[in-house]
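*Asks:* need the 3D shape of this:
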Amino acid sequence: MHQRKRKLLGPVVNDRSMREFEAVMMSQVDVFLEGLSSSCQQPSTPVNMTERLGYLTMDIMGQFVFGYPLNLQTDVTYRFMTDTTANFLLNIALQLPFLSKARISNFRRLRALLRGKSYRSTMQKMIRNRFAEGQDAKHNLLFMTDTLRVSDDEETFIEEIRSEATFFLSAGSDTMSTCLSAVFFYLSRNPDCYRRLTAEIRSTFTNSAEIKGGPRLAACSYLRACIDEAIRLSPPVPGTLWRQQVSGSDRNSTPLIIDGIVIPPGTHIGVNTYALQHNEAYFPEPFTFKPERFLSQSLPTGRLIKDAFAPFSLGSRGCMGRSMAYFEASLILAKTLWHYDFVQAPNDAGMVGESTYWNARGKGDRVNEYQINDIFGATHDGPCLMFKPRAGNITDVA
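*Replies:* Below is the predicted model:
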């Protein structure tokens, strides 16, 4: 089933598809930039990047999956959709698979209950709205879902699509929010890296309109290195993606051997992403933000880094949206750094909502590590940053 869906959905997330979707993505990034402009008004206010980027990435995915304007960046109506509470249950089921043997069959219903009736009804509304537009509607991922139909019953089909769409929304927005929040965090705390990246962006493009998909954006090697280093340190899916060899299958009759060790069928095995990407055998000074490590061409150092870097997973279950993720992150970061300068909020704290504060410091000795919590994806808060228009670039916000 996974292979069939991957084959059908692959064309929706390839480079050509991204070029068709770029104008829609760009329009959402422009709204994000306008929001940063508002925060620059005197007195300037701290911006919680987790919150702001969560709205941006969910707006992008709402358009990408459904062609539907959620407008989280400008309207509070659908902001409840960024709540990740239900993902805790997904992570419990993933890390404690014996629960499935205990016939705890209501996980899915409980997750839906935690998300709330509003989430469910909104998803159904977006799905019905997309199907009502017909086959000639604008490009989006749901356009492909009719080929996945396994039921002729309309309500059953809507439920199947809702389940798939819930995954795509969270996979594309939560992970991207983590990636971007981490990049902003580490840049705000590493001034040399910040200066080098802004110099690359502002010397590559002469105006904001030039920042778009293509060779020039792809050639910003330090931008890509900063993204890679941020998701190495703070992987959007930080836990262990468990796998097992299927028992009772003829094609799996040959013993599974890993590094000389025979793994019995049915055994759950996995490598923790966070641990792997902080292994000093592959990444010297593993808790230090050093984007230049990804620019190394020397052997065997460069090859080791490439082989051990797995934030998108590996093999047949590797993330299909990898190209889209890099393009989206590059576009958002380049646009932001073209227009604005930013620094940490005073005292490493800033307003979150209207009443609480977020502390930017890490735990123990690693006070400059961006804090993430594993709930299959990652939860986080901040960083809180102060923005101002870059000198000499007051206009041309979009």
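*Asks:* mind checking how far V12 is from K5?
*Replies:* For V12, the distance to K5 equals 11 Å [C-beta to C-beta, to the nearest Å]. (Glycine included, C-beta is placed from N, CA and C.)
*Asks:* same drill for these two, tell me which one is more crowded.
*Replies:* Neighbour count, other C-beta atoms under 10 Å: between V12 and K5, V12 has more, with 24 against 15.
*Asks:* which parts of this protein are helices?
*Replies:* Assigned by DSSP state H, the chain shows helices spanning 2-9, 15-39, 49-66, 87-95, 98-101, 107-115, 117-132, 154-188, 191-204, 215-218, 221-233, 273-276, 301-308, 322-339.
*Asks:* select, out of those helices, the one closest to Q245.
*Replies:* When the helices of the chain are compared by C-beta to C-beta, helix 2-9 sits nearest Q245, at 15.7 Å.
*Asks:* in that closest one, which residues are buried?
*Replies:* L9 (16 or more other C-beta atoms under 10 Å).
*Asks:* export that helix as PDB, just CAs?
*Replies:* The C-alpha atoms that make up helix 2-9 are tabulated as PDB, following Å, rounded to 0.1, in the frame of the first residue of the first chain:
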ATOM      1  CA  HIS A   2       2.800   2.400   0.900                       C
ATOM      2  CA  GLN A   3       4.600   1.700  -2.400                       C
ATOM      3  CA  ARG A   4       1.400   2.300  -4.400                       C
ATOM      4  CA  LYS A   5       0.700   5.600  -2.700                       C
ATOM      5  CA  ARG A   6       4.300   6.700  -3.000                       C
ATOM      6  CA  LYS A   7       4.200   6.100  -6.700                       C
ATOM      7  CA  LEU A   8       1.000   8.000  -7.200                       C
ATOM      8  CA  LEU A   9       1.800  10.900  -5.000                       C
END
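*Asks:* for C319, give me its contacts.
*Replies:* Applying C-beta atoms under 8 Å, 6 or more residues apart in numbering to C319 gives the contacts A171, F312, S313, A325.
*Asks:* please redo it, this time with the cut-off set to 10 Å
*Replies:* V13, A171, G172, T175, P236, V237, P311, F312, S313, A325 (C-beta atoms under 10 Å, 6 or more residues apart in numbering).
*Asks:* just the buried residues from these, in ChimeraX please.
*Replies:* Those of the contacts of C319 that count as buried under 16+ other C-beta under 10 Å are selected in ChimeraX with:
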select :13,171,172,175,236,237,311,312,325
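*Asks:* V76: neighbour count?
*Replies:* Other residues close to V76 by other C-beta under 10 Å number 9.
*Asks:* for it, give its distance to Q95.
*Replies:* The spacing between V76 and Q95, counted by C-beta to C-beta, is 34 Å.
*Asks:* which residues of the stretch 151-300 of the chain score low on pLDDT?
*Replies:* The stretch 151-300 of the chain contains residues with pLDDT under 70 at 151-163, 246-253.
*Asks:* M126: which of the contacts of C319 is nearest?
*Replies:* When the contacts of C319 are ranked by distance to M126 (C-beta to C-beta), G172 comes first, at 14.2 Å.
*Asks:* now that the closest one has come up, it's in contact with M61, right?
*Replies:* Yes: G172 is in contact with M61 according to C-beta atoms under 10 Å; the separation is 4.2 Å.
*Asks:* looking at the helices of the chain, which is nearest to P346?
*Replies:* Distance to P346, taken as C-beta to C-beta, is lowest for helix 154-188 among the helices of the chain, at 12.4 Å.
*Asks:* buried ones in that closest one?
*Replies:* Under 16+ other C-beta under 10 Å, the buried positions of helix 154-188 are 157-158, 160-162, 164-166, 168-188.
*Asks:* do stretch 35-44 as well
*Replies:* Counting neighbours by 16+ other C-beta under 10 Å, stretch 35-44 gives G35, L36, S37, S39, C40 as buried.
*Asks:* quick revisit: what's the most buried one of the helices of the chain?
*Replies:* Highest mean neighbour count among the helices of the chain (mean count of other C-beta atoms under 10 Å): helix 49-66, with a mean of 25.
*Asks:* also compute the angle for that helix relative to helix 15-39, please.
*Replies:* Here the directions of helix 49-66 and helix 15-39 differ by 140 degrees (axes from the mean of the first three to the mean of the last three C-alpha atoms, to 10 degrees).
*Asks:* I'd like the average pLDDT over helix 49-66.
*Replies:* For helix 49-66, mean pLDDT is 93.
*Asks:* using CSV, write out every CA atom in it.
*Replies:* Taking Å, rounded to 0.1, in the frame of the first residue of the first chain, the C-alpha atoms of helix 49-66 are listed here in CSV:
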residue,chain,number,x,y,z
MET,A,49,9.0,32.2,15.7
THR,A,50,7.4,28.8,16.6
GLU,A,51,4.0,30.5,16.6
ARG,A,52,4.5,32.7,13.6
LEU,A,53,6.2,30.0,11.5
GLY,A,54,3.5,27.5,12.5
TYR,A,55,0.8,29.7,11.0
LEU,A,56,2.9,30.3,7.8
THR,A,57,3.7,26.6,7.2
MET,A,58,0.1,25.5,7.9
ASP,A,59,-1.2,28.1,5.4
ILE,A,60,1.2,26.8,2.8
MET,A,61,0.1,23.2,3.4
GLY,A,62,-3.6,24.1,3.4
GLN,A,63,-3.0,25.5,-0.1
PHE,A,64,-0.8,22.6,-1.2
VAL,A,65,-3.0,19.8,0.0
PHE,A,66,-6.5,21.3,-0.6
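*Asks:* elements contacting it?
*Replies:* Applying 3 or more C-beta pairs under 10 Å, 6 or more residues apart in numbering; DSSP states H and E, we find helix 49-66 packed against helix 15-39, helix 117-132, helix 154-188, helix 322-339, strand 349-352, strand 384-389.
*Asks:* specify the angle between that helix and helix 154-188 in degrees.
*Replies:* Using the same axes, to 10 degrees, helix 49-66 lies at 140 degrees relative to helix 154-188.
*Asks:* quick one: pLDDT of L89?
*Replies:* Looking at L89, its pLDDT is 72.
*Asks:* all set now, cheers.
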